[in-house]
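*Asks:* here is my input, please return the structure:
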Amino acid sequence: MALGGFERFRIVTLGLIMLTPGAAMAQKGQGSIVGTVVDPQGRPIPEATVAAILQFSGPGFFTPAQASTVSATNGVFSFQGLRTGSYQICTAVPRTLYLDPCTWGGAQMVAIGSDSGPANVKITLGFGTLFLSRLADPNKVWASAQTGKKNQDIRVSLRTPGGLTIPISPITDPNGALNFGLQVPFGAPLSMSLSSFTLQFDTPAGADSVQSISSSNKVITVTPKSGAPAVITANITAAASGQ
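*Replies:* Alright, predicted model coming up:
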């Protein structure tokens, strides 16, 4: 389900360090996972990025191992040579409205044993809508500064109902505005934070409510609805005091 005109926006996907399939576990491999990614109607989803995250690797392993792969045209994916243990399965499909269960809830756990056959799993991804935040620069405050420094100083994040904070990276459009996009579920209020040490913003439009902690720090509540993107717009008004 492509986003059409929104394909230029970078969508936050898994928020994980992706490795080539089995790379993190090749030396300790004793099991495998085989599965299919489908939509709510049972149709296969190709080109889904699937990650297997080892939750506990036993004595001597302090960093959870992980591997990733991409589903085939029939939605099938597999992991080979996995260490025994319990794995969380995360799935993201860039440039679509499918929701990653590791971000929004419902992620499956799969147990791998040393003497068991392949673990089979079916992942059904639900649809969401697009959360879109647009930060305009009508006075060219951001554009006149060093782009890299100012870009890094604008911090936008979204807090999920489950308490997970997701940082969102911006993409600059031809008009000099910064655009932030993320696929989100609809019907539940989300909290967005917009802050900067060096820039000031006006009151964002399109939100359910806005808490202005300062001219450089805004907390926005928005409830995405089905059928239309949730769009928040704001302007960069000036450099912060002392800049």
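
*Asks:* can you give me the domain assignment for this protein?
*Replies:* If you go by automatic domain parsing, the domain ranges for the chain are 4-124, 129-239.

*Asks:* weakest of these in terms of mean pLDDT?
*Replies:* Note on the domains of the chain: lowest mean pLDDT is at domain 4-124, with a mean of 77.

*Asks:* alpha carbons of the longest strand belonging to the chain, as CSV, please.
*Replies:* Selection of the longest strand in the chain by residue count, based on DSSP state E, yields strand 230-239. The C-alpha trace of strand 230-239 is given here as CSV (Å, rounded to 0.1, in the frame of the first residue of the first chain):
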residue,chain,number,x,y,z
ALA,A,230,-2.5,13.7,10.8
VAL,A,231,-0.8,16.9,9.8
ILE,A,232,0.9,19.3,12.3
THR,A,233,2.4,22.6,10.9
ALA,A,234,4.6,25.1,12.7
ASN,A,235,7.0,27.9,11.7
ILE,A,236,10.6,28.7,12.7
THR,A,237,10.2,32.4,13.9
ALA,A,238,13.6,33.5,15.1
ALA,A,239,16.9,32.4,16.5
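
*Asks:* what residues of that strand count as buried?
*Replies:* Using 16 or more other C-beta atoms under 10 Å as the burial criterion, the residues of strand 230-239 that qualify are 230, 232, 234, 235, 236, 239. Just so you know, the C-beta spots here come from the backbone N, C-alpha and C atoms, and that holds for glycine as well.

*Asks:* ok, which pair from the residues you listed is furthest apart?
*Replies:* Considering C-beta to C-beta, no two members of the buried residues of strand 230-239 lie farther apart than 230 and 239, which are separated by 29.0 Å.

*Asks:* what strands line up against the host helix or strand of residue 220, and which way round?
*Replies:* Residue 220 is located in strand 217-222, with elements delineated by DSSP states H and E. The strands beside strand 217-222 in its sheet (DSSP bridges) come out as strand 190-195 (antiparallel), strand 209-214 (antiparallel).

*Asks:* tell me the angle of the last one relative to strand 230-239?
*Replies:* This points to strand 209-214. When axes from the mean of the first three to the mean of the last three C-alpha atoms, to 10 degrees is applied, the directions of strand 209-214 and strand 230-239 differ by 20 degrees.

*Asks:* residues in contact with strand 209-214?
*Replies:* Here strand 209-214 makes contact (C-beta atoms under 8 Å, 6 or more residues apart in numbering) with 203, 204, 218, 219, 220, 221.

*Asks:* how close does residue 34 get to residue 73?
*Replies:* Between residue 34 and residue 73 the distance is 16 Å, computed by C-beta to C-beta, to the nearest Å.

*Asks:* quick one: which of those two has more around it?
*Replies:* Neighbours of residue 34 and residue 73, each counted by other C-beta atoms under 10 Å, are more numerous for residue 34; the result is 14 against 9.

*Asks:* and the helix or strand harbouring that one, which residues are buried?
*Replies:* The secondary structure element spanning residue 34 is strand 31-38 (assigned by DSSP H and E). Of the residues in strand 31-38, those with enough neighbours to count as buried (16+ other C-beta under 10 Å) are 31, 32, 33, 35, 36, 37, 38.

*Asks:* nearest spatial neighbour of the first one, skipping sequence neighbours?
*Replies:* Closest residue to residue 31 apart from its sequence neighbours, by C-beta to C-beta, 6 or more residues apart in numbering: residue 112 at 3.6 Å.

*Asks:* and what of residue 102?
*Replies:* Of all residues apart from its sequence neighbours, residue 90 sits closest to residue 102 (C-beta to C-beta, 6+ apart), at 3.6 Å.

*Asks:* alright, I will stop here.
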